[in-house]
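*Asks:* One predicted model, sequence on top.
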Amino acid sequence: MTPQLASAVYATLIAVLFYIDRDRKNSPSKAIWIPVAWLMINGSRPVSMWLESGPTIGDQYTDGSPLDAAVFGLLIMAGLAVLIWRRRQTGQLLRANLPIILFLLYCAVSTIWSDYSFIAFKRWIKSVGDIVMVLIVLSDRNPVAAIKGFFCRVGFVLIPVSILLIKYYPETGRSYNPWTWVPMYCGVTTFKNLLGMITLVCALASLWCFVRAWRNRELPRRKQHLVAHAVILGMALWIFWIADSMTSFSCFVLAGSLLVMANQTWVARRKMLIHLMVGGVVGISLVALFFDSSGSLVQTLGRDPTLTGRTAIWDVVLRLAKASPILGTGFESFWMGDRLLTVWDVEKGIQEAHNGYIEVYLNLGWVGILFLASLIVTGYQHVMNAYKNDRAIGSIKLAYFTMGVIYSLTEAGFRVMSPVWVAFILAIMAVPPSMLQKKIPSLKVAAHRPEVPPVRVPHEEYV
(Lines give C-alpha, C1' and ligand atoms only; values in the text may rest on other atoms or scores of the structure.)
Protein backbone atom coordinates (compact mmCIF):
# COMPACT_ATOMS: atom_id res chain seq x y z
CA MET A 1 0.00 0.00 0.00
CA THR A 2 1.39 3.38 -1.00
CA PRO A 3 1.75 6.14 1.61
CA GLN A 4 -0.98 8.17 -0.10
CA LEU A 5 -3.44 5.26 -0.06
CA ALA A 6 -2.49 4.44 3.55
CA SER A 7 -3.16 8.07 4.53
CA ALA A 8 -6.64 7.88 3.00
CA VAL A 9 -7.34 4.56 4.76
CA TYR A 10 -6.22 5.86 8.16
CA ALA A 11 -8.13 9.14 7.73
CA THR A 12 -11.25 7.10 6.99
CA LEU A 13 -10.56 4.91 10.03
CA ILE A 14 -10.30 7.97 12.29
CA ALA A 15 -13.56 9.38 10.91
CA VAL A 16 -15.28 6.01 11.47
CA LEU A 17 -14.01 5.83 15.06
CA PHE A 18 -15.43 9.27 15.82
CA TYR A 19 -18.71 8.38 14.12
CA ILE A 20 -19.41 5.03 15.77
CA ASP A 21 -18.42 6.27 19.23
CA ARG A 22 -20.59 9.40 19.12
CA ASP A 23 -23.27 9.91 21.74
CA ARG A 24 -25.40 12.97 21.07
CA LYS A 25 -27.52 12.54 24.21
CA ASN A 26 -24.49 12.66 26.49
CA SER A 27 -21.92 14.92 24.89
CA PRO A 28 -19.69 17.59 26.44
CA SER A 29 -19.79 21.22 25.46
CA LYS A 30 -17.90 22.46 22.42
CA ALA A 31 -15.34 24.05 24.79
CA ILE A 32 -13.83 20.59 25.29
CA TRP A 33 -11.95 21.08 22.01
CA ILE A 34 -9.69 23.63 23.75
CA PRO A 35 -8.12 21.09 26.17
CA VAL A 36 -8.19 18.47 23.39
CA ALA A 37 -6.03 20.75 21.23
CA TRP A 38 -3.74 21.43 24.22
CA LEU A 39 -3.18 17.74 24.93
CA MET A 40 -2.91 16.85 21.25
CA ILE A 41 -0.04 19.31 20.79
CA ASN A 42 1.74 18.39 24.02
CA GLY A 43 1.29 14.69 23.30
CA SER A 44 2.87 14.95 19.86
CA ARG A 45 5.10 17.73 18.51
CA PRO A 46 5.07 21.52 18.71
CA VAL A 47 3.19 23.26 15.92
CA SER A 48 6.42 24.85 14.68
CA MET A 49 7.98 21.41 14.30
CA TRP A 50 5.02 20.11 12.28
CA LEU A 51 5.44 23.16 10.04
CA GLU A 52 9.23 22.67 10.01
CA SER A 53 9.76 26.24 11.14
CA GLY A 54 10.92 25.60 14.69
CA PRO A 55 14.20 26.67 16.33
CA THR A 56 17.19 24.46 16.85
CA ILE A 57 17.20 22.04 19.77
CA GLY A 58 19.27 24.35 21.94
CA ASP A 59 17.21 27.45 21.17
CA GLN A 60 13.96 25.54 21.59
CA TYR A 61 14.92 24.43 25.07
CA THR A 62 15.78 27.93 26.29
CA ASP A 63 13.76 30.44 24.26
CA GLY A 64 11.21 28.30 22.45
CA SER A 65 9.40 29.16 19.25
CA PRO A 66 7.36 32.38 18.94
CA LEU A 67 4.78 30.44 16.93
CA ASP A 68 4.41 27.83 19.67
CA ALA A 69 4.22 30.53 22.33
CA ALA A 70 1.44 32.23 20.36
CA VAL A 71 -0.51 28.97 20.00
CA PHE A 72 -0.23 28.12 23.69
CA GLY A 73 -1.08 31.69 24.63
CA LEU A 74 -4.25 31.64 22.52
CA LEU A 75 -5.33 28.31 24.01
CA ILE A 76 -4.75 29.58 27.57
CA MET A 77 -6.69 32.79 26.90
CA ALA A 78 -9.54 30.84 25.31
CA GLY A 79 -9.54 28.50 28.29
CA LEU A 80 -9.62 31.39 30.76
CA ALA A 81 -12.56 32.90 28.88
CA VAL A 82 -14.46 29.62 29.28
CA LEU A 83 -13.67 29.50 33.00
CA ILE A 84 -14.80 33.09 33.48
CA TRP A 85 -18.07 32.22 31.74
CA ARG A 86 -18.38 29.25 34.14
CA ARG A 87 -17.21 31.28 37.11
CA ARG A 88 -19.58 29.60 39.57
CA GLN A 89 -18.29 26.11 38.79
CA THR A 90 -14.71 27.40 38.52
CA GLY A 91 -14.97 28.98 41.97
CA GLN A 92 -16.28 25.75 43.46
CA LEU A 93 -13.39 23.77 42.00
CA LEU A 94 -10.72 26.25 43.10
CA ARG A 95 -12.04 26.41 46.65
CA ALA A 96 -12.05 22.61 46.85
CA ASN A 97 -8.44 22.29 45.65
CA LEU A 98 -6.32 24.53 47.86
CA PRO A 99 -3.25 22.17 47.88
CA ILE A 100 -2.97 22.43 44.09
CA ILE A 101 -3.25 26.22 44.22
CA LEU A 102 -0.56 26.44 46.93
CA PHE A 103 1.77 24.17 44.94
CA LEU A 104 1.28 26.33 41.87
CA LEU A 105 1.99 29.49 43.87
CA TYR A 106 5.19 28.03 45.32
CA CYS A 107 6.31 27.15 41.80
CA ALA A 108 5.73 30.80 40.82
CA VAL A 109 7.71 32.09 43.80
CA SER A 110 10.59 29.69 43.01
CA THR A 111 11.18 31.42 39.68
CA ILE A 112 12.66 34.31 41.70
CA TRP A 113 15.80 32.38 42.69
CA SER A 114 16.18 30.65 39.33
CA ASP A 115 19.32 31.44 37.33
CA TYR A 116 16.99 31.89 34.37
CA SER A 117 14.01 33.62 35.97
CA PHE A 118 12.33 34.82 32.78
CA ILE A 119 12.50 31.39 31.15
CA ALA A 120 11.27 29.77 34.36
CA PHE A 121 8.34 32.20 34.54
CA LYS A 122 7.35 31.45 30.94
CA ARG A 123 7.29 27.76 31.80
CA TRP A 124 5.21 28.52 34.87
CA ILE A 125 2.64 30.21 32.62
CA LYS A 126 2.43 26.96 30.67
CA SER A 127 1.92 25.04 33.91
CA VAL A 128 -1.06 27.33 34.60
CA GLY A 129 -2.33 26.23 31.20
CA ASP A 130 -2.37 22.61 32.39
CA ILE A 131 -4.61 23.59 35.32
CA VAL A 132 -6.86 25.68 33.07
CA MET A 133 -7.44 22.74 30.73
CA VAL A 134 -8.29 20.37 33.57
CA LEU A 135 -10.71 22.93 35.04
CA ILE A 136 -12.48 23.19 31.68
CA VAL A 137 -12.97 19.43 31.63
CA LEU A 138 -14.20 19.10 35.21
CA SER A 139 -16.45 22.18 35.09
CA ASP A 140 -18.30 20.86 32.05
CA ARG A 141 -22.06 20.33 32.27
CA ASN A 142 -21.35 16.62 31.92
CA PRO A 143 -17.98 15.82 33.59
CA VAL A 144 -18.03 12.12 32.66
CA ALA A 145 -18.60 12.89 28.98
CA ALA A 146 -15.97 15.64 29.14
CA ILE A 147 -13.31 13.28 30.54
CA LYS A 148 -14.12 10.76 27.86
CA GLY A 149 -14.05 13.39 25.12
CA PHE A 150 -10.82 14.90 26.42
CA PHE A 151 -8.72 11.75 26.29
CA CYS A 152 -10.52 9.59 23.72
CA ARG A 153 -10.63 12.25 21.02
CA VAL A 154 -6.88 12.69 21.39
CA GLY A 155 -6.40 8.91 21.25
CA PHE A 156 -8.60 8.53 18.17
CA VAL A 157 -6.22 10.85 16.30
CA LEU A 158 -2.72 10.43 17.70
CA ILE A 159 -2.64 6.64 18.06
CA PRO A 160 -3.70 5.78 14.45
CA VAL A 161 -1.56 8.61 13.01
CA SER A 162 1.46 7.32 14.96
CA ILE A 163 1.07 3.90 13.36
CA LEU A 164 0.62 5.52 9.94
CA LEU A 165 3.85 7.52 10.34
CA ILE A 166 5.83 4.55 11.68
CA LYS A 167 4.75 2.21 8.89
CA TYR A 168 4.44 4.49 5.86
CA TYR A 169 6.38 7.67 6.63
CA PRO A 170 9.56 6.42 8.35
CA GLU A 171 11.37 9.73 7.80
CA THR A 172 8.84 11.27 10.20
CA GLY A 173 7.68 8.39 12.38
CA ARG A 174 11.11 6.94 13.05
CA SER A 175 14.30 8.55 14.25
CA TYR A 176 17.76 7.87 15.63
CA ASN A 177 19.16 8.86 18.97
CA PRO A 178 21.48 11.76 18.00
CA TRP A 179 24.15 10.57 20.45
CA THR A 180 24.06 6.77 20.11
CA TRP A 181 22.37 6.38 16.70
CA VAL A 182 20.07 3.74 18.12
CA PRO A 183 16.90 3.59 15.95
CA MET A 184 13.65 4.61 17.66
CA TYR A 185 9.98 4.56 16.76
CA CYS A 186 8.47 7.90 17.75
CA GLY A 187 5.26 8.18 15.69
CA VAL A 188 3.68 11.63 16.12
CA THR A 189 6.15 12.51 18.89
CA THR A 190 9.85 13.30 18.95
CA PHE A 191 10.96 10.46 21.24
CA LYS A 192 9.76 6.95 22.01
CA ASN A 193 9.14 7.69 25.70
CA LEU A 194 6.70 10.47 24.83
CA LEU A 195 4.97 8.15 22.35
CA GLY A 196 4.60 5.57 25.12
CA MET A 197 3.33 8.26 27.51
CA ILE A 198 0.53 9.64 25.33
CA THR A 199 -0.42 6.11 24.28
CA LEU A 200 -0.64 5.10 27.95
CA VAL A 201 -2.90 8.02 28.88
CA CYS A 202 -5.26 7.52 25.91
CA ALA A 203 -5.30 3.72 26.16
CA LEU A 204 -6.44 3.87 29.80
CA ALA A 205 -9.33 6.13 28.74
CA SER A 206 -10.35 3.69 26.00
CA LEU A 207 -10.11 0.78 28.44
CA TRP A 208 -12.37 2.71 30.81
CA CYS A 209 -14.95 3.26 28.07
CA PHE A 210 -14.70 -0.36 26.90
CA VAL A 211 -15.27 -1.73 30.42
CA ARG A 212 -18.26 0.53 31.03
CA ALA A 213 -19.82 -0.37 27.68
CA TRP A 214 -19.18 -4.06 28.32
CA ARG A 215 -20.97 -3.90 31.68
CA ASN A 216 -23.92 -1.86 30.41
CA ARG A 217 -25.80 -4.34 28.20
CA GLU A 218 -28.68 -1.92 27.63
CA LEU A 219 -26.43 0.76 26.14
CA PRO A 220 -27.65 1.95 22.70
CA ARG A 221 -25.18 1.05 19.94
CA ARG A 222 -23.17 -0.86 22.53
CA LYS A 223 -21.31 -3.01 19.98
CA GLN A 224 -20.14 0.05 18.09
CA HIS A 225 -18.68 1.58 21.25
CA LEU A 226 -16.94 -1.71 22.02
CA VAL A 227 -15.48 -1.96 18.52
CA ALA A 228 -14.18 1.64 18.54
CA HIS A 229 -12.30 1.26 21.80
CA ALA A 230 -11.15 -2.29 21.06
CA VAL A 231 -9.46 -0.95 17.90
CA ILE A 232 -7.66 1.76 19.90
CA LEU A 233 -6.59 -0.75 22.56
CA GLY A 234 -5.20 -3.09 19.91
CA MET A 235 -3.28 -0.25 18.29
CA ALA A 236 -1.97 0.89 21.67
CA LEU A 237 -0.61 -2.57 22.47
CA TRP A 238 1.15 -2.62 19.09
CA ILE A 239 2.74 0.77 19.82
CA PHE A 240 3.92 -0.38 23.27
CA TRP A 241 5.59 -3.35 21.57
CA ILE A 242 7.15 -1.61 18.57
CA ALA A 243 8.37 1.39 20.60
CA ASP A 244 9.76 -0.90 23.33
CA SER A 245 8.20 1.37 25.95
CA MET A 246 8.21 -0.98 28.93
CA THR A 247 7.52 1.72 31.53
CA SER A 248 4.32 2.78 29.77
CA PHE A 249 3.28 -0.82 29.09
CA SER A 250 3.86 -1.85 32.71
CA CYS A 251 1.85 1.15 33.94
CA PHE A 252 -0.94 0.28 31.54
CA VAL A 253 -1.11 -3.30 32.83
CA LEU A 254 -1.04 -2.28 36.50
CA ALA A 255 -3.31 0.78 36.34
CA GLY A 256 -5.58 -0.93 33.80
CA SER A 257 -6.02 -3.96 36.04
CA LEU A 258 -6.95 -1.65 38.90
CA LEU A 259 -9.46 0.16 36.68
CA VAL A 260 -11.14 -3.10 35.66
CA MET A 261 -11.38 -4.28 39.25
CA ALA A 262 -12.70 -0.93 40.48
CA ASN A 263 -15.65 -1.27 38.09
CA GLN A 264 -16.73 -4.55 39.67
CA THR A 265 -19.74 -4.21 41.96
CA TRP A 266 -18.40 -6.60 44.57
CA VAL A 267 -15.21 -4.53 44.81
CA ALA A 268 -17.08 -1.22 44.98
CA ARG A 269 -18.93 -2.48 48.04
CA ARG A 270 -15.66 -3.15 49.86
CA LYS A 271 -13.59 0.03 49.83
CA MET A 272 -10.78 -1.67 51.77
CA LEU A 273 -10.13 -3.82 48.69
CA ILE A 274 -9.45 -0.67 46.70
CA HIS A 275 -6.88 0.50 49.27
CA LEU A 276 -5.23 -2.93 49.24
CA MET A 277 -5.08 -3.05 45.44
CA VAL A 278 -3.60 0.45 45.16
CA GLY A 279 -1.04 -0.41 47.84
CA GLY A 280 -0.26 -3.68 46.06
CA VAL A 281 0.28 -2.01 42.67
CA VAL A 282 2.57 0.67 44.14
CA GLY A 283 4.34 -1.91 46.31
CA ILE A 284 5.05 -4.22 43.37
CA SER A 285 6.56 -1.32 41.44
CA LEU A 286 8.76 -0.22 44.34
CA VAL A 287 10.01 -3.74 45.06
CA ALA A 288 10.77 -4.46 41.41
CA LEU A 289 12.68 -1.22 40.90
CA PHE A 290 14.45 -0.57 44.18
CA PHE A 291 14.35 -3.57 46.52
CA ASP A 292 14.95 -6.52 44.20
CA SER A 293 18.70 -6.84 44.63
CA SER A 294 19.00 -9.49 41.91
CA GLY A 295 17.15 -7.35 39.40
CA SER A 296 15.19 -10.38 38.20
CA LEU A 297 11.84 -8.60 38.08
CA VAL A 298 13.23 -5.76 35.99
CA GLN A 299 15.06 -8.19 33.71
CA THR A 300 11.81 -9.99 32.91
CA LEU A 301 10.72 -6.76 31.18
CA GLY A 302 13.91 -6.71 29.11
CA ARG A 303 15.70 -4.08 31.18
CA ASP A 304 19.00 -4.23 33.02
CA PRO A 305 19.23 -3.74 36.81
CA THR A 306 20.58 -0.20 36.31
CA LEU A 307 17.26 0.71 34.63
CA THR A 308 18.99 1.54 31.35
CA GLY A 309 21.55 3.79 33.01
CA ARG A 310 19.07 5.67 35.18
CA THR A 311 20.91 4.91 38.43
CA ALA A 312 24.07 6.62 37.11
CA ILE A 313 22.00 9.67 36.12
CA TRP A 314 20.39 9.82 39.56
CA ASP A 315 23.80 9.76 41.25
CA VAL A 316 25.05 12.70 39.19
CA VAL A 317 21.99 14.93 39.51
CA LEU A 318 21.62 14.30 43.24
CA ARG A 319 25.23 15.38 43.78
CA LEU A 320 24.55 18.58 41.83
CA ALA A 321 21.37 19.18 43.85
CA LYS A 322 23.36 19.44 47.09
CA ALA A 323 24.05 23.07 46.23
CA SER A 324 20.39 23.98 46.90
CA PRO A 325 18.63 21.10 48.69
CA ILE A 326 15.94 23.10 50.51
CA LEU A 327 14.49 25.32 47.79
CA GLY A 328 15.96 23.76 44.65
CA THR A 329 17.23 25.57 41.59
CA GLY A 330 13.88 27.16 40.75
CA PHE A 331 10.88 26.01 38.76
CA GLU A 332 11.97 24.01 35.67
CA SER A 333 15.48 25.49 35.95
CA PHE A 334 17.79 22.58 36.74
CA TRP A 335 18.37 21.44 33.17
CA MET A 336 20.11 24.56 31.93
CA GLY A 337 23.60 26.00 31.90
CA ASP A 338 26.59 24.26 33.49
CA ARG A 339 24.45 21.66 35.28
CA LEU A 340 23.16 20.36 31.96
CA LEU A 341 26.68 20.07 30.56
CA THR A 342 27.86 18.23 33.66
CA VAL A 343 25.10 15.64 33.30
CA TRP A 344 25.83 15.28 29.61
CA ASP A 345 29.33 14.13 30.51
CA VAL A 346 27.60 11.02 31.90
CA GLU A 347 24.65 10.64 29.52
CA LYS A 348 24.53 12.68 26.33
CA GLY A 349 21.33 14.40 25.29
CA ILE A 350 19.12 13.82 28.35
CA GLN A 351 17.06 16.68 29.76
CA GLU A 352 15.22 14.97 32.60
CA ALA A 353 16.09 12.89 35.66
CA HIS A 354 13.96 9.92 34.57
CA ASN A 355 12.25 10.07 37.96
CA GLY A 356 9.39 12.46 38.71
CA TYR A 357 10.16 12.73 42.42
CA ILE A 358 13.84 13.50 41.85
CA GLU A 359 12.81 15.99 39.16
CA VAL A 360 10.67 17.88 41.68
CA TYR A 361 13.52 17.79 44.22
CA LEU A 362 16.02 19.18 41.71
CA ASN A 363 13.82 22.15 40.79
CA LEU A 364 11.89 22.81 44.00
CA GLY A 365 13.98 21.19 46.75
CA TRP A 366 12.63 19.52 49.88
CA VAL A 367 9.92 22.16 50.11
CA GLY A 368 8.69 21.06 46.71
CA ILE A 369 8.75 17.42 47.81
CA LEU A 370 6.55 18.33 50.79
CA PHE A 371 4.09 20.07 48.49
CA LEU A 372 4.10 17.04 46.16
CA ALA A 373 3.49 14.72 49.13
CA SER A 374 0.55 16.91 50.10
CA LEU A 375 -0.84 16.62 46.58
CA ILE A 376 -0.53 12.83 46.66
CA VAL A 377 -2.11 12.39 50.10
CA THR A 378 -4.99 14.83 49.61
CA GLY A 379 -5.33 13.74 46.00
CA TYR A 380 -5.87 10.13 47.01
CA GLN A 381 -8.58 11.26 49.43
CA HIS A 382 -10.25 13.17 46.60
CA VAL A 383 -10.02 10.13 44.33
CA MET A 384 -11.70 7.89 46.90
CA ASN A 385 -14.39 10.50 47.55
CA ALA A 386 -15.09 10.66 43.83
CA TYR A 387 -15.23 6.86 43.67
CA LYS A 388 -17.72 6.85 46.53
CA ASN A 389 -19.98 9.48 44.91
CA ASP A 390 -19.71 8.37 41.27
CA ARG A 391 -18.03 5.13 40.26
CA ALA A 392 -17.75 6.29 36.64
CA ILE A 393 -15.48 9.23 37.41
CA GLY A 394 -13.91 7.55 40.43
CA SER A 395 -12.60 4.54 38.52
CA ILE A 396 -10.78 6.57 35.84
CA LYS A 397 -9.44 8.96 38.48
CA LEU A 398 -8.13 5.97 40.44
CA ALA A 399 -6.37 4.62 37.35
CA TYR A 400 -4.78 7.96 36.46
CA PHE A 401 -3.70 8.58 40.06
CA THR A 402 -1.99 5.20 40.28
CA MET A 403 -0.47 5.66 36.83
CA GLY A 404 1.09 8.99 37.84
CA VAL A 405 2.54 7.62 41.07
CA ILE A 406 4.22 4.56 39.51
CA TYR A 407 5.12 6.09 36.13
CA SER A 408 7.15 8.79 37.87
CA LEU A 409 9.38 6.18 39.51
CA THR A 410 11.38 5.81 36.29
CA GLU A 411 10.23 8.75 34.16
CA ALA A 412 9.74 12.48 34.80
CA GLY A 413 5.94 12.39 34.89
CA PHE A 414 5.53 15.44 37.14
CA ARG A 415 6.59 18.02 34.56
CA VAL A 416 4.93 20.93 32.80
CA MET A 417 2.55 19.91 29.98
CA SER A 418 3.41 16.23 30.35
CA PRO A 419 0.35 14.09 29.43
CA VAL A 420 0.90 12.04 32.60
CA TRP A 421 0.99 15.22 34.71
CA VAL A 422 -2.22 16.52 33.10
CA ALA A 423 -3.98 13.20 33.75
CA PHE A 424 -2.62 13.10 37.31
CA ILE A 425 -3.88 16.63 38.05
CA LEU A 426 -7.30 15.67 36.69
CA ALA A 427 -7.29 12.62 38.97
CA ILE A 428 -6.38 14.41 42.20
CA MET A 429 -8.56 17.47 41.67
CA ALA A 430 -11.59 17.38 43.96
CA VAL A 431 -14.98 17.77 42.30
CA PRO A 432 -17.81 18.87 44.63
CA PRO A 433 -20.59 16.22 44.71
CA SER A 434 -23.12 18.80 43.52
CA MET A 435 -21.23 19.05 40.23
CA LEU A 436 -21.53 15.30 39.67
CA GLN A 437 -25.33 15.38 39.83
CA LYS A 438 -28.00 16.57 37.47
CA LYS A 439 -31.49 17.88 37.95
CA ILE A 440 -34.44 15.83 36.74
CA PRO A 441 -37.36 17.99 35.55
CA SER A 442 -40.50 18.01 37.64
CA LEU A 443 -43.09 15.44 36.65
CA LYS A 444 -46.44 16.59 35.32
CA VAL A 445 -49.18 15.56 37.77
CA ALA A 446 -52.92 16.02 38.13
CA ALA A 447 -54.13 19.36 39.46
CA HIS A 448 -55.53 17.86 42.68
CA ARG A 449 -52.09 16.44 43.61
CA PRO A 450 -49.19 18.52 44.94
CA GLU A 451 -46.33 19.22 42.58
CA VAL A 452 -43.47 16.75 42.90
CA PRO A 453 -40.26 18.66 43.62
CA PRO A 454 -37.14 18.01 41.57
CA VAL A 455 -34.83 15.33 42.87
CA ARG A 456 -31.11 14.94 42.43
CA VAL A 457 -29.57 11.62 41.54
CA PRO A 458 -26.01 10.57 40.73
CA HIS A 459 -25.03 10.99 37.11
CA GLU A 460 -24.42 7.33 36.19
CA GLU A 461 -25.33 6.95 32.50
CA TYR A 462 -22.65 5.89 30.05
CA VAL A 463 -21.26 8.70 27.93
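*Replies:* Received it, and whenever you're ready, just let me know what you need.
*Asks:* Now for residue 379, how many residues are close by?
*Replies:* 24 (other Cβ atoms under 10 Å). No exception for glycine: its C-beta is placed from N, CA and C like everyone else's.
*Asks:* Okay, helices next: where are they in the stretch 101-250 of the chain?
*Replies:* Listed in chain order, the helices found in the stretch 101-250 of the chain under DSSP state H, counting those that start in this stretch are 117-138, 143-168, 170-173, 192-215, 222-243, 246-262.
*Asks:* Mean pLDDT, mean neighbour count and distance to residue 109 added to those helices, as CSV?
*Replies:* Listed next are the helices of the stretch 101-250 of the chain as CSV, based on pLDDT from 0 to 100; neighbours: other Cβ atoms under 10 Å; distance: least, Cβ to Cβ, whole Å:
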stretch, mean pLDDT, mean neighbour count, distance to residue 109
helix 117-138, 95, 21, 10
helix 143-168, 95, 23, 30
helix 170-173, 91, 14, 41
helix 192-215, 94, 24, 29
helix 222-243, 95, 19, 38
helix 246-262, 93, 22, 32
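*Asks:* Can you say which of those helices is nearest to residue 338?
*Replies:* Closest to residue 338 of the helices of the stretch 101-250 of the chain, according to Cβ to Cβ: helix 117-138, at 15.4 Å.
*Asks:* Tell me what angle the closest one forms with helix 143-168.
*Replies:* Angle of helix 117-138 versus helix 143-168, following axes from the mean of the first three to the mean of the last three Cα atoms, to 10 degrees, is 120 degrees.
*Asks:* switch to numbering from 170
*Replies:* Yes, from this point I'll number from 170; that puts the last item at helix 286-307.
*Asks:* on that earlier part again, nearest to residue 213, out of the helices of the stretch 270-419 of the chain?
*Replies:* Using Cβ to Cβ, these put helix 312-337 closest to residue 213, at 5.8 Å.
*Asks:* counting contacts, what elements does the closest one pack onto?
*Replies:* Counting contacts by 3 or more Cβ pairs under 8 Å, 6 or more residues apart in numbering; DSSP states H and E, helix 312-337 packs against helix 172-189, helix 202-211, helix 286-307, helix 339-342, helix 361-384, helix 391-412, helix 560-576, helix 588-597.
*Asks:* Would you mind giving those as CSV with distance to residue 438 added?
*Replies:* Shown next, in CSV, are these (distance: least, Cβ to Cβ, whole Å):
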stretch, distance to residue 438
helix 172-189, 33
helix 202-211, 34
helix 286-307, 26
helix 339-342, 46
helix 361-384, 15
helix 391-412, 25
helix 560-576, 11
helix 588-597, 22
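*Asks:* Go through those helices and name the closest to residue 549.
*Replies:* Of the helices and strands packed on helix 312-337, nearest to residue 549 by Cβ to Cβ is helix 560-576, at 6.5 Å.
*Asks:* so what's the closest residue in space to residue 378 that isn't next to it in sequence up against?
*Replies:* Counting by Cβ to Cβ, 6 or more residues apart in numbering, residue 378 lies nearest to residue 398, which is 4.9 Å off, once chain neighbours are set aside. Neighbouring residues of residue 398 by Cβ atoms under 8 Å, 6 or more residues apart in numbering: 190, 321, 375, 376, 378, 379, 382.
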